[in-house]
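Novice: Kindly generate the corresponding structure for this input.
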Amino acid sequence: MDLFKVYKLWDIEPVRGLGTTLWDKDGNEYTDLYGGHAVISVGHSHPHYVKMVSEQLARLGFYSNAVQNSLQKDLAARLGKISGYDDYSLFLCNSGAEANENAMKAASFHTGRARMLAFDKAFHGRTSGAVAVTDNPKIRSPFNSCENVTYVPLNDIEAVEKELSSGLYAGVIIEGIQGIAGIYVPDDGFMRELRRLCTKYGTLLILDEIQSGYGRIGKFFAHQFSGIRADIVTTAKGMANGFPIGGVIISPDIRPEYGMLGTTFGGNHLACTAALAVLDIMENEHLIENAEKTGEFFRSAFHPDGKPDPALSEYRGKGLMIGLQIRPEFSGLRDRLLFEEHFFTGAAGPSVIRLLPSLTISIDTASAFMDSWHRLTKQ
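Specialist: Take a look at the predicted model:
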């Protein structure tokens with residue numbers, strides 16, 4: 001049996017990691033500025049993380065949600081405190097797509113409505129409901145197409161109100177910052193008006209913070225820059241530093257009922273321990289502050305003397321969620337950064353390089369990347 005080949009793979013196999021450094025099977029060293037799609041939040045093989053997960057595995061790796069699990073309660077309390085959503089409830093699952101599925105399901109149960117409003121270029125996952133609100137026909141099969149979903153342009157508040165005024169929508173789902181689309185940041189004013197309209201028309205506001213949250217941009221969640229609160233927040237990627245987990249943070253106005261949501265593996269002992277270890281490290285090492293500081297370094301470095309870098313047509317993002325729109329004459333730059341300079345980066349289409357490093361990244365590492373960038377883009 002062979003693998004079902006749906007990924008484009010580089011001919012590199014990392015076998016070991018420490019902090020922001022990776023080594024492949026041949027001993028070559030790389031710097032990781034992508035963190036496996038924004039997943040590695042506290043660095044590869046952090047000693048505290050390894051210790052906590054290893055010790056938990058030696059005690060108990062898994063039991064189902066048919067029994068008490070105090071680790072879940074500890075995680076909910078810690079996450080509520082650090083995120084500012086301490087009066088909300090937490091439902092634990094296994095991934096971002098599953099978190100979004102359950103968020104929309106909870107909104108539909110609560111309102112008795114079926115429709116969802118989403119945004120152009122949105123990405124919310126690949127499972128049936130999540131892909132139905134994902135604006136990418138390449139990954140949405142005919143089976144996933146859904147008449148209950150409408151798309152409107154990001155930052156177009158008039159288009160939003162036109163839809164919501166129908167009274168048909170259970171929820172509006174929006175990314176704190178659009179990631180797969182190429183790092184597009186909703187305007188703060190738009191987000192505040194969106195919150196107002198959702199309240200006005202009895203529609204729940206669902207903030208997908210799966211990539212943009214967990215301290216990556218200098219606040220715990222991206223939407224907090226707008227000073228708003230969501231009815232439901234979804235989180236996943238950086239939540240457990242590579243161990244599969246997802247979370248749905250749910251308003252106290254939404255009342256749970258037996259059997260309303262469920263999962264076999266969600267919130268298992270290992271996943272919760274990994275997530276608790278991440279919160280320990282984030283707090284003890286002040287990683288949210290570091291993300292803001294290092295993000296500002298990148299922004300300044302790509303705008304020397306107040307002018308945009310000559311290789312860029314646009315710099316987008318906040319903190320350590322960065323989209324670099326590359327000019328056509330610099331196509332192929334991402335591959336050169338990897339194979340010539342040994343920096344892992346991400347992409348959003350052929351012309352956007354994404355930087356999503358661990359929140360532990362140092363200014364020295366960021367500066368080394370800029371040195372490599374300038375070597376490759378010097379004309």
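Novice: Am I right that Ala103 sits in a strand?
Specialist: No - according to DSSP: H, G, I helix; E, B strand; the rest coil, Ala103 belongs to no strand; its state is helix.
Novice: quick one: the helices in the stretch 251-379 of the chain?
Specialist: Per DSSP state H, counting those that start in this stretch, the stretch 251-379 of the chain carries helices over the ranges 269-284, 287-301, 333-339, 363-377.
Novice: Return the set of buried residues in the first one.
Specialist: What it means is helix 269-284. 269-282 (16 or more other Cβ atoms under 10 Å). C-beta here means a position set from N, CA and C on the backbone, and glycine is covered the same way.
Novice: what's the answer for the second one, then?
Specialist: Of the residues in helix 287-301, those with enough neighbours to count as buried (16+ other Cβ under 10 Å) are 287-288, 290-292, 294-295, 297-298, 301.
Novice: closest to Leu376 among the residues you listed?
Specialist: The closest of these to Leu376 turns out to be Ala301 (Cβ to Cβ; 14.5 Å).
Novice: I'd guessed that closest one sits against Ser372; true?
Specialist: No - applying Cβ atoms under 8 Å, one finds Ala301 not in contact with Ser372, separated by 11.9 Å.
Novice: Might you list the low-confidence residue ranges for the stretch 101-250 of the chain?
Specialist: Filtered on pLDDT under 70, the stretch 101-250 of the chain yields no residues whatsoever.
Novice: tell me the strands in it, going along the chain?
Specialist: Assigned by DSSP state E, counting those that start in this stretch, the stretch 101-250 of the chain shows strands spanning 115-119, 149-152, 169-175, 204-208, 232-235, 246-250.
Novice: Including distance to Ala159, could these go into CSV?
Specialist: Supplementary listing: these in CSV, determined by distance: least, Cβ to Cβ, whole Å:
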stretch, distance to Ala159
strand 115-119, 9
strand 149-152, 4
strand 169-175, 12
strand 204-208, 16
strand 232-235, 22
strand 246-250, 27
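Novice: okay if I get these as CSV plus mean neighbour count and distance to Lys138?
Specialist: Shown next, in CSV, are the strands of the stretch 101-250 of the chain (neighbours: other Cβ atoms under 10 Å; distance: least, Cβ to Cβ, whole Å):
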stretch, mean neighbour count, distance to Lys138
strand 115-119, 24, 16
strand 149-152, 18, 15
strand 169-175, 26, 18
strand 204-208, 28, 19
strand 232-235, 29, 23
strand 246-250, 28, 24
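Novice: Out of the ones you listed, which gets nearest to Thr365?
Specialist: Proximity of the strands of the stretch 101-250 of the chain to Thr365 was assessed by Cβ to Cβ; the nearest stretch is strand 232-235, lying at 25.5 Å.
Novice: Who are the contact partners of Pro186?
Specialist: 154-155, 174, 176-178, 194, 226 (Cβ atoms under 8 Å, 6 or more residues apart in numbering).
Novice: can you rerun that using 7 Å?
Specialist: Pro186 sits next to 154-155, 174 when contact means Cβ atoms under 7 Å, 6 or more residues apart in numbering.
Novice: Looking at these, which is nearest Gly19?
Specialist: If you rank the contacts of Pro186 by distance to Gly19 using Cβ to Cβ, Ile174 comes first, at 33.0 Å.
Novice: hang on, the closest one packs against Ile210?
Specialist: No - the pair Ile174 and Ile210 does not pass the contact test of Cβ atoms under 7 Å, sitting 11.9 Å apart.
Novice: re the thing from before, among the contacts of Pro186, which one sits closest to Gly84?
Specialist: Ile174 (18.5 Å).
Novice: Which strand residues bridge that closest one?
Specialist: According to DSSP bridges, the residues that bridge with Ile174 are Leu207.
Novice: Got the domain ranges for the protein?
Specialist: Domain assignment for the chain, taken from automatic domain parsing, gives 14-46+286-377, 47-284.
Novice: got a markdown table for the contacts of Pro186, with distance to Ile353 too?
Specialist: Formatted as a markdown table, the entries for the contacts of Pro186 read as follows, by distance: Cβ to Cβ, whole Å:
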| residue | distance to Ile353 |
| --- | --- |
| Leu154 | 21 |
| Asn155 | 23 |
| Ile174 | 24 |
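Novice: ok, of these, which one's closest to Val352?
Specialist: Proximity to Val352 was ranked across these by Cβ to Cβ; first place goes to Leu154, at 15.8 Å.
Novice: Neighbours of the closest one, how many?
Specialist: The tally of other residues near Leu154 (other Cβ atoms under 10 Å) stands at 20.
Novice: Contacts only, for it.
Specialist: Under the contact definition (Cβ under 7 Å, 6+ apart), the residues listed for Leu154 are 119-121, 178, 184, 186.
Novice: Check the spacing between it and Thr365 real quick.
Specialist: Using Cβ to Cβ, to the nearest Å, one obtains 32 Å as the distance from Leu154 to Thr365.
Novice: how close does the most centrally placed residue in the chain sit to Leu356?
Specialist: The residue at the geometric middle of the chain, judged as the C-alpha nearest the mean C-alpha position with Cα atoms, centre = their mean, is Gln211 (0.9 Å). Between Gln211 and Leu356 the distance is 7 Å, computed by Cβ to Cβ.
Novice: which residues do those two both contact?
Specialist: Applying Cβ under 7 Å, 6+ apart, one finds that Gln211 and Leu356 are jointly contacted by Ala38.
Novice: Which one, of the strands of the stretch 101-250 of the chain, ends up nearest to Asp24?
Specialist: The closest of these to Asp24 is strand 246-250. By Cβ to Cβ, the value is 29.5 Å.
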